[in-house]
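Peer 1: below are the sequence and a predicted model for it; my questions follow.
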Amino acid sequence: MFQNIDVAKLIIRLSLGIMMLFHGVDKIRNGIGGVKHLVTTAGLPEFLAYGVYVGEVLMPLFIILGLYARVASVILGLTMVFAIFLAYGGAFLALTKHGAPAMELPFLYLVLSLGVFFLGSGRYALNSK
């Protein structure tokens, strides 16, 4: 029977990193006006919105490469906690018209980040652990 945990770790890392990187590239191309609005509406200083570039661009690159993937996954996970709080705070358990939680996507990224943290980067990484 074929069993290779390192391949599974690579698939999880690449899935998380690549999909999140799309969000980061969108922020680079279109700006973070929406994030700034969410941050200031929550009563937080506007400069915190720039953290989205770290969480959605830099950390996914680290995760994809397997470079300090555990640390990067914690930072990405915290980014998702902020995203859930800022974007869905009052409607945390709201459902979409299809019956799924409205905060489904950031929650999925949060759970995958936890997976990378607990599993590590695996053999197929720049600094494998």
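Peer 2: Nice, thanks for sending it over. Because the structure is predicted, anything quoted here is derived from the model rather than measured. Residues are numbered from 1 along each chain as shown.
Peer 1: in the longest helix seen in the chain, what's buried?
Peer 2: Ranked by residue count and defined by DSSP state H, the top helix of the chain is helix 5-30. For helix 5-30, the neighbour count (16 or more other CB atoms under 10 Å) marks 9-10, 12-13, 15-17, 20-21, 23-24, 27 as buried. The way it works is simple: take the backbone N, C-alpha and C, and place the C-beta from them, glycine included.
Peer 1: which elements pack onto that helix?
Peer 2: helix 51-53, helix 59-65, helix 69-88, helix 104-119 (3 or more CB pairs under 8 Å, 6 or more residues apart in numbering; DSSP states H and E).
Peer 1: at 10 Å instead, please
Peer 2: helix 33-41, helix 51-53, helix 59-65, helix 69-88, helix 104-119 (3 or more CB pairs under 10 Å, 6 or more residues apart in numbering; DSSP states H and E).
Peer 1: can you list the ones you listed in CSV and add distance to residue 125 and mean neighbour count?
Peer 2: Converted to CSV, the helices and strands packed on helix 5-30 look like this (distance: least, CB to CB, whole Å; neighbours: other CB atoms under 10 Å):
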stretch, distance to residue 125, mean neighbour count
helix 33-41, 30, 15
helix 51-53, 23, 17
helix 59-65, 7, 22
helix 69-88, 6, 20
helix 104-119, 10, 18
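Peer 1: can you redo those as JSON lines with mean pLDDT and distance to residue 4?
Peer 2: Shown next, in JSON lines, are the helices and strands packed on helix 5-30 (pLDDT from 0 to 100; distance: least, CB to CB, whole Å):
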{"stretch": "helix 33-41", "mean pLDDT": "96", "distance to residue 4": "38"}
{"stretch": "helix 51-53", "mean pLDDT": "96", "distance to residue 4": "34"}
{"stretch": "helix 59-65", "mean pLDDT": "98", "distance to residue 4": "19"}
{"stretch": "helix 69-88", "mean pLDDT": "95", "distance to residue 4": "18"}
{"stretch": "helix 104-119", "mean pLDDT": "95", "distance to residue 4": "13"}
